[in-house]
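Student: Need a 3D model of the sequence below.
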Amino acid sequence: MREISLDRLRTLVAIADHGSFAGAARALHLAPPTVSLHIAELEHRIGAPLLSRKRGQVRPSAIGEVLVERGRRLLADAEQALDDIQRQVEGLEGRARLGASTGAIAHLLPQALEVLRQQHPGIDIQIAVLTSQETLSRLADGTLDIGLVALPQPPVAGLVIKPWRRDPVMAFVPAHWQCPARVTPEWLAAQPLILNDATTRLSRQTAEWFAAAGHHPAPRIQLNYNDAIKSLVAAGYGAALLPHEATTPLPDKRIVMRPLRPALWRRLGIAHRAGYVERSTQHVLDVLWDLRLV
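Tutor: Below is the predicted model of the structure:
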């Protein structure tokens, strides 16, 4: 059997409610011939009478009663679906899929999530731990809505990538070491090192920072989880180069943090697809953008 139009079902339900074609026509703001046509089409598709006329009143037949009951549920579901979609269009509810590195998730996203919980509690934020390249790839194929990525990045067709934050990269050193007030590549290259792994932009940045001074140190270990790196620094295993966000609590008392000479910066960008942006996604972008100077 071919599909049944919701408009036709609505007409059938209205006749059952009002007991007449004329009453249904008035309730639905339709011409009486249109109501008759709707029922004729339904009966043709069903292959059986749906209404019976007795003593001047129209009532559903046995088959009609089944269809009226199912029709009410279908119409209610359709109305609820439209209401839900409208709430998403208005940004009252919705979903935003976001990709970011562990560092951004640990130290930057919690601030945004707290604001979103207060201002837009109906938005569900789904977070994936990804490298910048993975994030851009998933944005391009439509499986992410927002990405926090390391800069610079080459242009990607169909994506918008805007500068977001610039945070200083600092030397994190065991507190019992004797270290200068400003850490240079020469001094740090002579120390045991804990560095980010080669999949990260920070790894390339720090390698370039050392190389500019003629050094190519080999780290004791490479990780892609900043809190784990800090734990190893606190244990005295080595020194690390990590970004420091202004709102991040000071490290463990077993760690001292020193600026670099020359200075090094971790730059982050916000990426999303070009063109239409769903309201829920825009709310998340707006909250993230407010963190650019924090």
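Student: measure E3 to L9 for me?
Tutor: Distance, E3 to L9, by Cβ to Cβ, to the nearest Å: 11 Å. (C-beta placed from N, C-alpha, C; glycine too.)
Student: swap that for R53, please
Tutor: R53 is 20 Å from L9, by Cβ to Cβ.
Student: still on that earlier bit, okay, E3 and L9: which has more neighbours?
Tutor: The neighbour comparison of E3 against L9 (other Cβ atoms under 10 Å) goes to L9, with 20 against 6.
Student: My guess is that one contacts G64. True?
Tutor: No. Assessed by Cβ atoms under 8 Å, L9 is found out of contact with G64, at 11.2 Å.
Student: overlap in contacts of these two?
Tutor: Common contact partners of L9 and G64 (Cβ atoms under 8 Å, 6 or more residues apart in numbering): none.
Student: mind showing which ranges of this structure have poor pLDDT?
Tutor: Across the chain, the ranges flagged by pLDDT under 70 are 1-2, 87-92, 246-247, 251, 293-294.
Student: Give me the domain ranges for it.
Tutor: 6-89, 94-164+268-289, 166-265 (automatic domain parsing).
Student: how many neighbours does G238 have?
Tutor: Based on other Cβ under 10 Å, the number of other residues close to G238 is 20.
Student: Quick check on the nearest residue to it once chain neighbours are set aside: phi, psi?
Tutor: Leaving out its chain neighbours, the residue that sits closest to G238 by Cβ to Cβ, 6 or more residues apart in numbering is P192, at 3.8 Å. Note on P192: its backbone torsions stand at phi -60, psi 140 [degrees, to the nearest 10].
Student: just A96 next, same as before
Tutor: phi -130, psi 130.
Student: measure it to P249 for me?
Tutor: From A96 to P249 the distance is 27 Å (Cβ to Cβ).
Student: which of those two has more neighbours?
Tutor: For A96 versus P249, neighbours defined as other Cβ under 10 Å are more numerous around A96 (22 against 7).
Student: For that one, give me its contacts.
Tutor: Shown in contact with A96 (Cβ under 8 Å, 6+ apart): 123-126, 145-146, 278, 280-281, 283-284.
Student: Just the buried ones among those, please.
Tutor: Buried subset of the contacts of A96 (neighbour count, 16 or more other Cβ atoms under 10 Å): 123, 125, 145-146, 280-281, 283-284.
Student: ranges for the strands of the stretch 51-200 of the chain?
Tutor: Along the stretch 51-200 of the chain, counting by DSSP state E, counting those that start in this stretch, strands occupy 51-54, 57-60, 94-100, 123-129, 146-150, 159-174, 193-196.
Student: Tell me which of the ones you listed sits nearest to A81.
Tutor: Set against A81 and scored by Cβ to Cβ, the strands of the stretch 51-200 of the chain come closest in strand 94-100, at 14.4 Å.
Student: Mind listing what's buried along that closest one?
Tutor: 94, 96-100.
Student: Mind picking the two most distant members of these?
Tutor: Top of the distance list for those (Cβ to Cβ): G94 and A100, 19.0 Å.
Student: Tell me how many other residues crowd the residue nearest to K162 when sequence neighbours are not counted.
Tutor: Nearest-residue entry for K162: I270, 5.4 Å, with adjacent residues in sequence omitted and distances by Cβ to Cβ, 6+ apart. I270 has 22 neighbouring residues, counting by other Cβ under 10 Å.
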